[in-house]
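Undergrad: test case, fold it:
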Amino acid sequence: DRYAEMALNYERLNSTSNDLVFAKVEVEPVIKRVVRQYAGQFIRKHIALKCDIAPVQVLTDEKWLAFILGQLLANAVKYTESGTVTVTVTMNKVLKVSDTGIGIPYADQSRVFERFYRVDKSHSKEVGGTGLGLSIVKHAAQYHGAKIELKSDPGKGTAIAVNFTAAK
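TA: Okay, here's the model as predicted:
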């Protein structure tokens, strides 16, 4: 079901008649709802999940904001064996998910937002995934007028930030 949902989301964003509905949204309740959906995965892997959320509103499509965060959390828990995943929202309207996971090799960092790109294809069956998640996150962020930034240090972790400051 997750693969079908990912393909549908990809098609929806690439459609000429997308269904984004922009409104001012309180970020905190959306984040809390999405974090609850992923809590079981963090508990099973004994990974700490921290949240530091400023009380801000963002002009966004709420379901796409939830998708963006959900995908970032899914990747963080998938590629973190121990340590911490942190969700941060600043007063400057930057949503960031950072982890203490395996990180992304420097040579792959410029390509992780390409559709169907997988960093380590030899482990694809172990961790699953379509290679579409971060591509859809990038496109959803662009529809919002937001900028996306990746910082990763192999062996130490990854942080992906979505800056909604310039959003519509």
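
Undergrad: residue ranges for the helices of this protein, please.
TA: Along the chain, counting by DSSP state H, helices occupy 2-14, 27-45, 62-78, 124-127, 133-143.

Undergrad: show me what contacts the residue sitting nearest the centre point of the chain?
TA: In the chain, the residue lying closest to the centroid (Cα atoms, centre = their mean) is Leu72, at 2.2 Å. Under the criterion of Cβ atoms under 8 Å, 6 or more residues apart in numbering, the contact list for Leu72 reads Val97, Val137, Ile160. Every C-beta, even on glycine, is put in place using the N, C-alpha and C of the backbone.

Undergrad: the second one touches Leu150, doesn't it?
TA: No: with contact defined as Cβ atoms under 8 Å, Val137 does not count as touching Leu150 (10.4 Å).

Undergrad: overlap of the contact sets of the two?
TA: Phe113, Ile160.

Undergrad: between those two, who's got more neighbours?
TA: Counting neighbours by other Cβ atoms under 10 Å for Val137 and for Leu150 shows that Val137 has the greater number, 24 against 15.

Undergrad: could the helices of the chain go into TSV alongside mean pLDDT and distance to Leu20?
TA: Listed next are the helices of the chain as TSV, based on pLDDT from 0 to 100; distance: least, Cβ to Cβ, whole Å:
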stretch	mean pLDDT	distance to Leu20
helix 2-14	57	9
helix 27-45	95	15
helix 62-78	93	6
helix 124-127	46	30
helix 133-143	87	6
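
Undergrad: show me the one of these that comes nearest Asn92.
TA: Proximity to Asn92 (Cβ to Cβ) singles out helix 27-45 among these, at 12.1 Å.

Undergrad: list the buried ones in that closest one?
TA: Using 16 or more other Cβ atoms under 10 Å as the test for burial, helix 27-45 gives Val27, Val30, Ile31, Val34, Val35, Tyr38, Gln41, Phe42.

Undergrad: same check, this time on stretch 92-111
TA: Judged by neighbour count (16+ other Cβ under 10 Å), stretch 92-111 contains these buried residues: 93-104, 109.

Undergrad: nearest to Leu65, of those?
TA: Leu95 (8.0 Å).

Undergrad: so what's the closest residue to that closest one other than its chain neighbours up against?
TA: Nearest-residue entry for Leu95: Val162, 4.7 Å, with adjacent residues in sequence omitted and distances by Cβ to Cβ, 6 or more residues apart in numbering. The neighbourhood of Val162, defined by Cβ under 8 Å, 6+ apart, consists of Ile68, Val94, Leu95, Lys96, Val137, Ala141, Ala146, Lys147, Ile148.

Undergrad: in TSV, list the buried residues of helix 27-45 along with distance to Phe113.
TA: As requested, the buried residues of helix 27-45 are arranged in TSV below (distance: Cβ to Cβ, whole Å):
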residue	distance to Phe113
Val27	22
Val30	22
Ile31	22
Val34	20
Val35	23
Tyr38	21
Gln41	23
Phe42	24
